[in-house]
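A.B. asks: sequence below, structure please.
(one chain, ligands or ions: 1)
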Amino acid sequence: MPPPPIRKISLEAPPTVVHVPPIPLNGNGNGNGAAHAGGVHTPGPPSSEAPVIERMRCDAVTIAYGPKVAVNKVDLPISQGEVLAMIGPSGCGKTTLLRSLNRLTELTPSASRGGVISLDGHDIDLLEVTALRKRVSMVFQQPNPFPMSVFDNVAYGLREGGSKRPRKKELMEPVERALTRAGLWHEVKDNLDHPALRLSGGQQQRLCIARSLAAQPEVLLMDEPCSALDPISTGKIEELILELREQIAVVIVTHNLQQAQRVADRVAFMYLGELVEYASGEQIFNAPQAQRTRDYVGGAFG
Ligand SMILES: Nc1ncnc2c1ncn2[C@@H]1O[C@H](COP(=O)(O)OP(=O)(O)OP(=O)(O)O)[C@@H](O)[C@H]1O
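C.D. replies: So this is what the prediction gives:
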C-alpha cells in the first residue's frame, strides 16, 4: 500500500515534538536510568533484572483514514523488559498506532500507512500476517472470550495453524501454563469445561490474556484492558502486566494516568497524532519536558 501523503495537521499551538533517543542499555540492565529511583513512579523493577531488549520499532510511522492523518511521523521503540504506556487525550491516535503494530489497521478499508514498523529488525509488512498476529498479540478493551469452554478458549491459539490437531491431553499442560501466567488457574481449574461467558468480567479479561499468552507472543498489545473492570480485577491485571514485562514487550493504551504511573517504565504522550514526549514514567509524571505534557499530566485538559 503506498504511504499516505504526509499532511501537516493544523494545530492551534503546535506541540513540541521530541525526537526519540535510542534506549540506553545501561549498567543496571533495565535501560531506565532514574526511572525506578523513587518519586511517584512506582513500578517494581523486574525481579530477575531482566535485560531491556528492543523488539519493535516505529520509524516515521504515519497513518491516515482517507485524507485524515491520525498518526503523524511517529518514531517509537518497544522493548521487552519494560512496559510502555501510550497516553493522551481522546482521538490523539493511541489506538490507531497500537493496532498498526500487528497490522490490524489494515482491516479498516480507508486506513493507509507510511513509514516502517519492524519486529526484531524485520519489516512487519513483509511478514505473513497470521504469524505476525501470533507474535504480536492484542487484548482489547472489552473482554471477548469465544462462546466456548474456558479450556477451549485457551486451547484455541494452540490448535490453530498446526498441521496435526493436538489431543486435549496434550493441550492440558500448555493451557494450565497460560492460565497460571494470567493468574487465573486457581480460580478456574475445577471448571475448565464451563462456558467462558459465565466468568466475571475480570476473569474473562484474564482468560483473554491467557488465550493470547498460549500462543507465546513476543509482544502483547493492550488497549484499555481494565476500563471495563472493577478495582480488584484491575489490580490483578496490573500485577500480571508487571510480571509479563520480564518475558515479553508489553504496550498498554490507557486513559488512566494513575494506571500508567503504576505500571509503565516508559511513557509515550501523544497529542493530535504527534508523539509529543517519550520518556521514563518518572520524567513524564514528575518532570515533563514539553509544555503540552505538563498541561496534560497536570490535568489542564483531558
Ligand atoms: N475507522 C476510522 N475511520 C475514520 N477515522 C478514524 C477511525 N478510527 C479512528 N479514527 C480517527 O482517528 C483519530 C485517532 O483515533 P484513535 O481511536 O486512534 O485515538 P485514541 O487516542 O485511541 O482515542 P480514544 O482515547 O478516544 O480511544 C481520531 O480523530 C478518530 O476520529
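A.B. asks: what residues does the stretch 201-302 of the chain have near the ligand?
C.D. replies: Within the stretch 201-302 of the chain, the positions near the ligand by Cβ under 6 Å from any ligand atom are His255. No exception for glycine: its C-beta is placed from N, CA and C like everyone else's.
A.B. asks: quick one: low-confidence parts of the stretch 51-200 of the chain?
C.D. replies: 160-166 (pLDDT under 70).
A.B. asks: which stretches of it form helices?
C.D. replies: Secondary structure of the stretch 51-200 of the chain (DSSP state H, counting those that start in this stretch): helices at 94-100, 129-135, 150-159, 168-181, 185-188.
A.B. asks: of those helices, which approaches the ligand most closely?
C.D. replies: Each of the helices of the stretch 51-200 of the chain was scored for nearness to the ligand using Cβ to the nearest ligand atom, and the closest is helix 94-100 (3.2 Å).
A.B. asks: who does the closest one touch, helix- and strand-wise?
C.D. replies: Contact here means 3 or more Cβ pairs under 8 Å, 6 or more residues apart in numbering; DSSP states H and E; on that basis helix 94-100 packs against strand 53-65, strand 68-80, strand 83-87, strand 111-119, strand 219-223, strand 249-253.
A.B. asks: swap in 10 Å and give it another go.
C.D. replies: The criterion is 3 or more Cβ pairs under 10 Å, 6 or more residues apart in numbering; DSSP states H and E, and the helices and strands that helix 94-100 contacts are strand 53-65, strand 68-80, strand 83-87, strand 111-119, strand 219-223, strand 249-253, strand 266-271.
A.B. asks: any chance of a markdown table for those, columns mean neighbour count?
C.D. replies: Shown next, in a markdown table, are the helices and strands packed on helix 94-100 (neighbours: other Cβ atoms under 10 Å):
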| stretch | mean neighbour count |
| --- | --- |
| strand 53-65 | 20 |
| strand 68-80 | 21 |
| strand 83-87 | 26 |
| strand 111-119 | 19 |
| strand 219-223 | 25 |
| strand 249-253 | 27 |
| strand 266-271 | 27 |
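A.B. asks: who wins for proximity to Lys168 among the ones you listed?
C.D. replies: strand 219-223 (25.9 Å; Cβ to Cβ).
A.B. asks: and the closest one, how far out from the chain's middle?
C.D. replies: 3 Å (Cα atoms, centre = their mean, to the nearest Å).
A.B. asks: averaged pLDDT, the helix or strand just after that strand. What do you get?
C.D. replies: Next in sequence after strand 219-223, counting helices and strands by DSSP states H and E, comes helix 231-244. Regarding helix 231-244, the rounded mean pLDDT is 91.
A.B. asks: swap in stretch 201-208?
C.D. replies: For stretch 201-208, mean pLDDT rounds to 94.
A.B. asks: which residues does the residue nearest to the spatial centre of the chain form a beta bridge with?
C.D. replies: Geometric centre of the chain, nearest residue: Val251, 2.3 Å, by Cα atoms, centre = their mean. Val251 has the following beta-bridge partners by DSSP bridges: Leu84, Leu221.
A.B. asks: sorry, back to before: any chance of the helices and strands packed on helix 94-100 in a markdown table, with distance to Lys94 too?
C.D. replies: Listed next are these as a markdown table, based on distance: least, Cβ to Cβ, whole Å:
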| stretch | distance to Lys94 |
| --- | --- |
| strand 53-65 | 12 |
| strand 68-80 | 9 |
| strand 83-87 | 4 |
| strand 111-119 | 15 |
| strand 219-223 | 8 |
| strand 249-253 | 5 |
| strand 266-271 | 6 |
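A.B. asks: how close does Arg294 sit to Ala70?
C.D. replies: 24 Å (Cβ to Cβ, to the nearest Å).
A.B. asks: and stretch 135-149 with the ligand, contact?
C.D. replies: No. Stretch 135-149 is not in contact with the ligand by Cβ under 6 Å from any ligand atom; minimum separation 8.4 Å.
A.B. asks: quick one: distance of that stretch to the chain centre.
C.D. replies: 14 Å.
A.B. asks: what residues sit buried inside that stretch?
C.D. replies: Residues Arg135, Val136, Ser137, Met138, Val139, Phe140, Pro143, Pro145, Ser149 are the ones in stretch 135-149 that count as buried (16 or more other Cβ atoms under 10 Å).
A.B. asks: and if you look at stretch 251-261?
C.D. replies: Quick answer for stretch 251-261 (16+ other Cβ under 10 Å): Val251, Ile252, Val253, Thr254, Asn256, Leu257, Gln259, Ala260, Gln261.
A.B. asks: tell me the mean pLDDT for that stretch?
C.D. replies: pLDDT averaged over stretch 251-261 gives 96.
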